[in-house]
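Colleague: The following block contains a protein sequence and its predicted model.
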Amino acid sequence: MSKGKVLLGLLAGVASGALLGILFAPHKGKDTRKKIAKKGEDYADAIKDKFNEFKDEVTEKYEKVKHDVTDFAEHAKAKDRKSGNKI
(Lines give C-alpha, C1' and ligand atoms only; values in the text may rest on other atoms or scores of the structure.)
Protein backbone atom coordinates (compact mmCIF):
# COMPACT_ATOMS: atom_id res chain seq x y z
CA MET A 1 0.00 0.00 0.00
CA SER A 2 1.36 3.42 -0.88
CA LYS A 3 2.03 6.13 1.69
CA GLY A 4 -0.49 8.37 -0.06
CA LYS A 5 -3.33 5.88 0.32
CA VAL A 6 -2.51 5.24 3.96
CA LEU A 7 -2.34 8.97 4.67
CA LEU A 8 -5.61 9.60 2.84
CA GLY A 9 -7.32 6.81 4.78
CA LEU A 10 -5.97 8.16 8.04
CA LEU A 11 -7.16 11.69 7.25
CA ALA A 12 -10.61 10.39 6.30
CA GLY A 13 -10.83 8.44 9.57
CA VAL A 14 -9.77 11.41 11.64
CA ALA A 15 -12.24 13.67 9.84
CA SER A 16 -15.08 11.19 10.33
CA GLY A 17 -14.28 10.78 14.02
CA ALA A 18 -14.04 14.51 14.59
CA LEU A 19 -17.32 15.15 12.78
CA LEU A 20 -19.15 12.47 14.75
CA GLY A 21 -17.68 13.76 17.99
CA ILE A 22 -18.87 17.28 17.22
CA LEU A 23 -22.33 16.16 16.12
CA PHE A 24 -22.93 14.17 19.28
CA ALA A 25 -21.46 16.78 21.63
CA PRO A 26 -23.90 18.59 23.92
CA HIS A 27 -23.64 22.08 22.39
CA LYS A 28 -26.06 24.47 20.74
CA GLY A 29 -26.58 24.04 17.01
CA LYS A 30 -24.95 27.38 16.27
CA ASP A 31 -21.82 26.40 18.19
CA THR A 32 -21.75 22.98 16.54
CA ARG A 33 -22.01 24.51 13.05
CA LYS A 34 -19.12 26.86 13.85
CA LYS A 35 -17.01 23.94 15.06
CA ILE A 36 -17.84 21.91 11.95
CA ALA A 37 -16.92 24.86 9.71
CA LYS A 38 -13.65 25.38 11.60
CA LYS A 39 -12.72 21.69 11.40
CA GLY A 40 -13.61 21.67 7.70
CA GLU A 41 -11.28 24.60 7.07
CA ASP A 42 -8.52 22.90 9.06
CA TYR A 43 -8.87 19.68 7.08
CA ALA A 44 -9.06 21.56 3.77
CA ASP A 45 -5.82 23.34 4.65
CA ALA A 46 -4.17 20.04 5.61
CA ILE A 47 -5.25 18.44 2.33
CA LYS A 48 -3.98 21.44 0.35
CA ASP A 49 -0.63 21.18 2.12
CA LYS A 50 -0.37 17.44 1.38
CA PHE A 51 -1.35 18.02 -2.25
CA ASN A 52 1.29 20.74 -2.61
CA GLU A 53 3.91 18.42 -1.10
CA PHE A 54 2.87 15.68 -3.53
CA LYS A 55 2.95 18.11 -6.47
CA ASP A 56 6.41 19.34 -5.48
CA GLU A 57 7.65 15.77 -5.17
CA VAL A 58 6.30 14.83 -8.61
CA THR A 59 7.76 17.99 -10.15
CA GLU A 60 11.14 17.25 -8.59
CA LYS A 61 11.12 13.68 -9.92
CA TYR A 62 10.03 14.89 -13.37
CA GLU A 63 12.89 17.39 -13.49
CA LYS A 64 15.39 14.71 -12.43
CA VAL A 65 14.20 12.31 -15.13
CA LYS A 66 14.25 15.12 -17.70
CA HIS A 67 17.83 15.97 -16.70
CA ASP A 68 18.88 12.31 -16.81
CA VAL A 69 17.36 11.81 -20.27
CA THR A 70 19.06 14.95 -21.56
CA ASP A 71 22.40 13.78 -20.19
CA PHE A 72 21.90 10.35 -21.72
CA ALA A 73 21.07 11.86 -25.12
CA GLU A 74 24.11 14.15 -24.99
CA HIS A 75 26.40 11.23 -24.10
CA ALA A 76 24.93 9.16 -26.92
CA LYS A 77 25.50 11.98 -29.41
CA ALA A 78 29.08 12.44 -28.21
CA LYS A 79 29.71 8.72 -28.47
CA ASP A 80 28.32 8.65 -32.03
CA ARG A 81 30.46 11.64 -33.01
CA LYS A 82 33.57 9.86 -31.73
CA SER A 83 32.73 6.74 -33.71
CA GLY A 84 32.02 8.78 -36.86
CA ASN A 85 28.28 8.11 -37.08
CA LYS A 86 25.92 10.92 -38.04
CA ILE A 87 22.72 11.53 -36.12
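Modeller: Received it, and whenever you're ready, just let me know what you need.
Colleague: switch to C-alpha atoms for all contacts and neighbour counts from now on
Modeller: Noted.
Colleague: Report pLDDT for the residue most central in space within the chain.
Modeller: Centroid-nearest residue in the chain, with C-alpha atoms, centre = their mean: F54, separated by 2.6 Å. Looking at F54, its pLDDT stands at 91.
Colleague: I47 too?
Modeller: I47 is given a pLDDT of 88.
Colleague: swap in K86?
Modeller: At K86, pLDDT is 59.
Colleague: if I look at T32, how far off is T70?
Modeller: Between T32 and T70 the distance is 56 Å, computed by C-alpha to C-alpha, to the nearest Å.
Colleague: for this protein, what spans make up the helices?
Modeller: For the chain, applying DSSP state H gives helices covering 3-23, 29-83.
Colleague: what's the angle from the last one to helix 3-23?
Modeller: Put plainly, it is helix 29-83. Direction vectors for helix 29-83 and helix 3-23, defined by axes from the mean of the first three to the mean of the last three C-alpha atoms, to 10 degrees, enclose an angle of 170 degrees.
Colleague: and helix 29-83, what other elements does it pack with?
Modeller: Applying 3 or more C-alpha pairs under 8 Å, 6 or more residues apart in numbering; DSSP states H and E, one finds that helix 29-83 contacts helix 3-23.
Colleague: Show residues contacting the helix it packs on.
Modeller: 32, 35-36, 39, 43 (C-alpha atoms under 8 Å, 6 or more residues apart in numbering).
Colleague: would you list the residues you listed in JSON lines and tack on distance to G84?
Modeller: Formatted as JSON lines, the contacts of helix 3-23 follow (distance: C-alpha to C-alpha, whole Å):
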{"residue": "T32", "distance to G84": "77"}
{"residue": "K35", "distance to G84": "73"}
{"residue": "I36", "distance to G84": "71"}
{"residue": "K39", "distance to G84": "67"}
{"residue": "Y43", "distance to G84": "61"}
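Colleague: Now the two most distant members of those residues.
Modeller: Within these, T32 and Y43 form the most distant pair, 16.3 Å apart (C-alpha to C-alpha).
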